[in-house]
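A.B. asks: Prediction below, plus the sequence it came from.
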Amino acid sequence: MAKRKPKLAVWKFASCDGCQLSLLDCEDKLLEVADSIEIAMFMEASRAVIKGPYDLSLVEGSITTPHDAERIHKVRRASKYLVTIGACATTGGIQALKNFRDVDDFVSIVYANPDYIESLNKSTPIADHVFVDYELQGCPINKNQLIEVISAFLNGRKPNIHSYSVCMECKRRSTVCVMVAHGTPCLGPVTHAGCGAICPSYNRGCYGCYGPKETPNTSSLASWFEKMMDVDDDDIVRYFRTFNAFAEAFRKESESHET
Amino acid sequence: MPQETDKKISHYILKATELKSLLDILFQREYHVIAPSIRDKSIEYDPIASFDEITRGWIDHQKPGSYRLANDEQDRFFGYVVGFSSWKKYLYPADKKLFEAEMDTKNFRVIEDGTAAPKYAFLGVRSCDLKAIEILDKILTEGPYVDLDYKRARDNALIIVVNCTRAGENCFCYSMGTGPRAYSGFDLALTEISDGEKHYFLVDTGSRSGEELISELGLSSASEDEIKTAEKAIEQTIANMSKILNTDGLKEKIWANLDSLYWDEIAERCLNCGNCTLVCPTCFCADIEDTTDIAGEKANRTRKWDVCYTLNFTYVHGGSIRTSCKSRYRQWLTHKLSTWIDQFGMFGCVGCGRCITWCPVGIDIAEEAKQLIESS
């Protein structure tokens, strides 16, 4: 009898769907995935849902509502392995910008009937709520890294995903350093690798889409921006407060420059 | 690879207008010519297909954490010093597939990489970089385990050195005994002289291949005056080299300061991003990465440049050994200037200044070593 294919489910919480799209974007690789794994639930691709439990759940998005704070526990219970994908799921995402302000203030301005809105004060990563087996960072995630994680899971090995800096990718591909040679502020030295150093290869500084790297020294980088590159405190806050604003290292750095 | 390097060096004159002829011979001999060109406002060693791609008329200003190109008033070919890349990117590539393996029912079959060794001609190798190549030769080819890919590329490589007639602000090759002039280990060595009226190269030969190139070009021997002019230009470079690292007893002095509080001060600035080791022409650490396809039928083994600044570098069962940034920076500097000597019999630093220039926050190995020793 043929071995049962592992069942894959893709779940969405507060997010833009871009990371799920990375899976669809795998194109020919997706066919290979489908050969080895049963795509049991992936609403973005098909309405057909095969009941759980699931061997591997990919979770996109952050927790922003009381309803989702409950739902994520159901997902965890239905999943043997739970892997979070993207900046929202791993750090709270761009919507975590609300964490720095009072949500009630926005709600009353934006909505005609604020009473209908049930939103938590903070947008939080999945790992704040349930045990997560693996976190894949990035906004959006890199499709090759997603395939690597799925294939590592299928073959029972550790994924080759590195938590070092974007600089490692820049130098390996011989991209000229935009900070040193052009004087462009760049978050590469404190940002998690994975994108392949796209922005510096187009002469742009790294925006930090992949969130903090391991042991990031954000204060040294920010102090160099200030002293050597004439970047003021407001701009430093903006540099660190984007897609991964609530990731601890970036959050602390931005808070220390608030005026 | 140059042979008979102990033979007396002969000196010839190559007019600036004849540099093209030298390049043409290299192309005719089917060398894969790698030469300095400008990419994104920096000197980079890239493959070139014609003489016109060689850059000319630029100098570089290097400071800790800063690199800027400027026009060279003397319109030299080689007025700048070194770019961020080094020749190791060709001899010891950043990503190198070692082999592929395929499942065949129960066993797996290894498919070796069958590509022929490249035949490089490196034009514009500085003396510090030549010493760096010699360090890699020793480590990668003279120990019990020979890196065959490196050795094959190295054996085929033709090396044309350019002696430095200008010192970069971060250069300290003279302190490290690696430059600014090369005396052996090359096929040809050029010293560029441009004084407004004359523009030529004094050419030193260092191997039979070099001699053959000279005779094919039909170059005439240099006069005593021309040899002296080149010597003076090199002496001037030494006189202008402002960065100095006192190497007297350096190994012992660093050992004596392993517990210095100064390491904490450096760790506050160090980003542990890995740039210093990636641009270092002698850093050779690599990670071996195995990947599988989704079906689990094919696997690849790849060698990738690694750095001692990552947690994974010292990861063993139970965790990483060097968890603090301080311990990782200390490992790197101590290895370069001290323990490398115990391990390989020479410094691991050639004084090229790349790690100083390309550190995003300008950490300066020569200055830090000096401060460390003075802090005791």
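C.D. replies: Arrived safely. Residues are numbered from 1 along each chain as shown, chains lettered A, B, ... in the order given.
A.B. asks: Let me know the secondary structure of A:Ala40.
C.D. replies: For A:Ala40, the secondary-structure state derived from DSSP: H, G, I helix; E, B strand; the rest coil is strand.
A.B. asks: after the helix or strand that contains A:Ile109, next one along is what?
C.D. replies: Element membership of A:Ile109, judged by DSSP states H and E, is helix A:103-110. Toward the C-terminus, helix A:103-110 is succeeded by strand A:134-136 as the next helix or strand (DSSP H and E).
A.B. asks: and for the helix holding A:Ile109, what are the contacting residues?
C.D. replies: By CB atoms under 8 Å, 6 or more residues apart in numbering or on different chains, the list of residues contacting helix A:103-110 from outside reads A:98, A:114, A:117, A:119-121. Using the backbone N, CA and C atoms, a C-beta is placed for each residue, glycine as well.
A.B. asks: Buried subset of those residues as a ChimeraX selection?
C.D. replies: Listed next is the ChimeraX selection for buried residues among the contacts of helix A:103-110, using 16 or more other CB atoms under 10 Å in any protein chain shown:
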select /A:98,119,120
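A.B. asks: how about a markdown table for the contacts of helix A:103-110, with distance to chain B and pLDDT added?
C.D. replies: As requested, the contacts of helix A:103-110 are exported to a markdown table (distance: CB to the nearest CB, whole Å; pLDDT from 0 to 100):
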| residue | distance to chain B | pLDDT |
| --- | --- | --- |
| A:Lys98 | 30 | 95 |
| A:Pro114 | 44 | 90 |
| A:Ile117 | 42 | 90 |
| A:Ser119 | 37 | 92 |
| A:Leu120 | 33 | 95 |
| A:Asn121 | 33 | 94 |
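A.B. asks: Phi, psi for residue 70 please.
C.D. replies: Reading this off chain A. Dihedral angles phi and psi of A:Glu70 (degrees, to the nearest 10) take the values phi -80, psi -50.
A.B. asks: ah, I was thinking of chain B
C.D. replies: With angles defined as degrees, to the nearest 10, B:Ala70 shows backbone torsions of phi -140, psi 160.
A.B. asks: Is it bridged to anything, and to what?
C.D. replies: B:Ile59 (DSSP bridges).
A.B. asks: I'd like the distance between it and chain A.
C.D. replies: When distances are taken as CB to the nearest CB, to the nearest Å, B:Ala70 and chain A turn out to be 13 Å apart.
A.B. asks: ok now the helix holding A:Ile109, how far from the chain's centre?
C.D. replies: Averaged C-alpha coordinates place helix A:103-110 at 26 Å from its chain's average position (CA atoms, centre = their mean, to the nearest Å).
A.B. asks: buried sites along it?
C.D. replies: The neighbour-count check on helix A:103-110 (16+ other CB under 10 Å) flags A:103, A:107 as buried.
A.B. asks: For B:His11, list the residues it contacts.
C.D. replies: Taking CB under 8 Å, 6+ apart as the criterion, B:His11 is in contact with B:202-204, B:221-222, B:226-227.
A.B. asks: Sorry, slip of the keys, the one I care about is B:Phe77.
C.D. replies: For B:Phe77, the set of contacting residues under the criterion of CB under 8 Å, 6+ apart consists of B:16, B:19, B:54-56, B:192.
A.B. asks: And the furthest pair within these?
C.D. replies: Among the contacts of B:Phe77, the pair separated by the greatest distance (CB to CB) is B:Ala16 and B:Thr55, at 14.0 Å.
A.B. asks: hang on, the earlier thing: show me which of the contacts of B:Phe77 neighbour chain A.
C.D. replies: Near chain A, taking CB under 8 Å from any CB of the partner chain as the test, no member of these is found.
A.B. asks: Are any of those residues buried, and if so which?
C.D. replies: A residue is treated as buried here by neighbour count (16+ other CB under 10 Å); on that basis the buried members of the contacts of B:Phe77 are B:16, B:19, B:54-55, B:192.
A.B. asks: Nearest to A:Ala45 among those?
C.D. replies: Minimum distance to A:Ala45 across the buried ones among the contacts of B:Phe77 is 50.6 Å, recorded for B:Thr55 (CB to CB).
A.B. asks: close enough to count as contact, the closest one and B:Glu44?
C.D. replies: No: shown here, B:Thr55 and B:Glu44 do not form a contact pair, counting by CB atoms under 8 Å, at 9.3 Å.
A.B. asks: Does the closest residue to B:Leu19 other than its chain neighbours lie in a helix or a strand, and which?
C.D. replies: Using CB to CB, 6 or more residues apart in numbering or on different chains and skipping the chain neighbours, the partner closest in space to B:Leu19 is B:Phe77 (6.7 Å). When elements are defined using DSSP H and E, B:Phe77 is found to belong to no helix and no strand.
A.B. asks: Need the pLDDT of B:Phe77.
C.D. replies: Looking at B:Phe77, its pLDDT is 97.
A.B. asks: Now it. Its backbone dihedrals?
C.D. replies: Taking degrees, to the nearest 10, you get phi -80, psi -40 for the backbone angles of B:Phe77.
A.B. asks: Contact residues of the stretch 51-200 of chain B facing chain A?
C.D. replies: B:65-68, B:84-85, B:89, B:94-95.
A.B. asks: how about these, which pair is most distant?
C.D. replies: B:Arg68 and B:Asp95 (29.5 Å).
A.B. asks: of those two, who's got more company?
C.D. replies: Ranked by neighbour count (other CB atoms under 10 Å in any protein chain shown), B:Arg68 and B:Asp95 place B:Arg68 first, with 15 against 12.
A.B. asks: Verify the contact between that one and B:Trp58 for me.
C.D. replies: No: using CB under 8 Å, B:Arg68 and B:Trp58 do not qualify as a contacting pair, with a distance of 10.4 Å.
A.B. asks: Strands of chain A, residue ranges please.
C.D. replies: Under the criterion DSSP state E, chain A carries strands at the ranges A:7-12, A:38-42, A:54-60, A:79-85, A:134-136.
A.B. asks: Can you tell me the closest non-neighbouring residue to B:Ser221?
C.D. replies: The shortest distance from B:Ser221 to any non-neighbouring residue, by CB to CB, 6+ apart, is to B:Tyr12 (5.9 Å).
A.B. asks: Assign a three-state SS to that neighbour, would you?
C.D. replies: Following three-state DSSP, we place B:Tyr12 in the strand state.
A.B. asks: in chain B, what secondary structure element scores lowest on mean pLDDT?
C.D. replies: Least confident element among the helices and strands of chain B, by mean pLDDT, DSSP states H and E: strand B:107-112 (a mean of 88).
A.B. asks: right, is stretch B:290-303 up against chain A?
C.D. replies: Yes: contact of stretch B:290-303 with chain A (CB under 8 Å from any CB) involves B:290-296.
A.B. asks: Can you check the pLDDT for B:Leu23?
C.D. replies: Looking at B:Leu23 specifically, the model assigns a pLDDT of 97.
A.B. asks: Next, count neighbours for it.
C.D. replies: By the measure other CB under 10 Å, the count of residues near B:Leu23 is 22.
A.B. asks: Touching, it and B:Phe51? I think so.
C.D. replies: Yes: at 4.5 Å, B:Leu23 counts as touching B:Phe51 under the criterion of CB under 8 Å.
A.B. asks: Which secondary structure element is home to B:Ala366?
C.D. replies: Short version: B:Ala366 belongs to helix B:365-374, going by DSSP H and E.
A.B. asks: What residues of that helix count as buried?
C.D. replies: Residues B:365-366, B:368-370, B:372-373 are the ones in helix B:365-374 that count as buried (16+ other CB under 10 Å).
A.B. asks: That's all I had, so thanks and see you.
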